[in-house]
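Engineer: this one's sequence-less:
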Ligand code: GMT
């Protein structure tokens, strides 16, 4: 039996995957008896709807006329330091390299100059665009590299992302250049095919495809809408779009232009994801970059097969021919064919959905993945 740890988690409070993973991790660690503090500038939605004993620090920072924008990242570093000085933190776990690993780095550096308490160790988890887009931008690349190298351990959510990180930022074999791969996980009890019938979002037999994202350009939701129009070609079916973001207006305009208003429903941001995922014939993910694809895993766990582009680490989650169908990034017709194959063949959708659920249970259950993080914490602490 290991002694409980005191852990500070730093994350974005968005509907996006990194905030979901950080919140679910924080809740599970607290359930296991660790003391967990979560630092963010808002309460992440997954934490807000849970009852777990995670101590939330909503850190807004004070605006000041000289500041171009309020420096939340500095306020978070200060808040961490305050908690550490009061109670002692063993671990700081930053999700998404910038700015959170920088906040963690600053708090750790300040704590190192304190007398008495040992400073916390810094673990940084890389999620995707913190490496591929934001981190690679020349305005952030040197700092991204510095904070990854300065972390006591760095993890990536897929082998593909670990490889990209090494190529871009850690071109050496020396200690300090390793990236542990710890995949994302899913709560297989909540994301279950057995969502109560009465709770299901729809109970009719209309073939349904569902997509969940933050509508950023990397998700290519307009591309997905075009592929859906190609797939259905006049047959009765619907596309449920869950989430919101920068491409929303373009998507609405495209749906009208294609004359498929009656077939596409924009649901906005929702918490009731299992209720929307479980009754659908297929989950669709059309990204041109995706380090993992947490929403696809949540669909699989609900027994819904996935049609996706073969982007980044998606093939580490969705196995082509078993839990879903993958196609080349630019091949819209192949994606449409795959959508059609599952939308209009209930038996195939059902059997692939069962395989998807079995795979989610076998490889991505919450407890074993969280235990890998706990082992990593103990390793960097030398315990
Ligand atoms: O990196 C991002 O784009 C943000 C992040 C988020 O918060 O939505 O998404 C990434 O992290 C998720 C959780 O680890 C992964 O499931 C997503 O695949 C990944 N997104 C991309 O790589 C585009």
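Structural biologist: That came through fine. Treat the numbers as computed from the prediction; the structure is a model and nothing was measured. Numbers count the residues shown, from 1 in each chain.
Engineer: who touches residue 356 in this structure?
Structural biologist: The contact partners of residue 356, taken as C-beta atoms under 8 Å, 6 or more residues apart in numbering, are 299-301, 303-306, 318, 322-324. C-beta here means a position set from N, CA and C on the backbone, and glycine is covered the same way.
Engineer: any idea which of the residues you listed is the one closest to residue 292?
Structural biologist: Comparing these against residue 292 with C-beta to C-beta places residue 318 closest, at 10.4 Å.
Engineer: The closest one touches residue 304, doesn't it?
Structural biologist: No - counting by C-beta atoms under 8 Å, residue 318 does not reach residue 304; the two are 11.3 Å apart.
Engineer: Between those two, which has more neighbouring residues?
Structural biologist: Using other C-beta atoms under 10 Å as the criterion, residue 318 and residue 304 rank with residue 304 on top: 31 against 27.
Engineer: and the residue of the chain most remote from its centre, backbone torsions?
Structural biologist: Most distant from the centre of the chain: residue 115, at 37.5 Å, with distances by C-alpha atoms, centre = their mean. Residue 115 adopts backbone torsions of phi -90, psi 150, taken as degrees, to the nearest 10.
Engineer: any idea how far residue 382 is from it?
Structural biologist: Going from residue 115 to residue 382 by C-beta to C-beta, to the nearest Å gives 21 Å.
Engineer: same deal with residue 250?
Structural biologist: Taking C-beta to C-beta, one finds residue 250 at 52 Å from residue 382.
Engineer: show me what contacts the closest residue to the ligand within the stretch 101-250 of the chain?
Structural biologist: The nearest approach of the stretch 101-250 of the chain to the ligand comes at residue 128, 2.3 Å away (C-beta to the nearest ligand atom). By C-beta under 8 Å, 6+ apart, residue 128 lies in contact with 17-18, 157, 161, 289-292, 312.
Engineer: So, low pLDDT: which residues of the protein?
Structural biologist: 173-176, 197-198 (pLDDT under 70).
Engineer: give me that answer again for 50
Structural biologist: The model of the chain has no residue with pLDDT under 50.
Engineer: residues in it within reach of the ligand, list them.
Structural biologist: 12, 16-19, 21, 127-130, 157, 184, 218, 287, 289-294 (C-beta under 6 Å from any ligand atom).
Engineer: Any of those buried? List them.
Structural biologist: Among the residues of the chain next to the ligand, those classed as buried by neighbour count (16 or more other C-beta atoms under 10 Å) are 12, 16-19, 21, 127-130, 157, 184, 218, 287, 289-294.
Engineer: still on that earlier bit, which of the contacts of residue 356 tops the neighbour count?
Structural biologist: That'd be residue 299 among the contacts of residue 356, by other C-beta under 10 Å, with 36 neighbours.
Engineer: what's the closest non-adjacent residue to it?
Structural biologist: Of all residues not flanking residue 299 in the chain, residue 283 sits nearest, at 3.4 Å (C-beta to C-beta, 6 or more residues apart in numbering).
Engineer: cool, and residue 282?
Structural biologist: residue 342 (4.1 Å).
Engineer: what's the answer for residue 208, then?
Structural biologist: Using C-beta to C-beta, 6+ apart, the closest residue to residue 208 is residue 280 (4.5 Å).
Engineer: Contact partners for the one you found?
Structural biologist: 208-210, 240, 299, 304 are the contacts of residue 280 under C-beta under 8 Å, 6+ apart.
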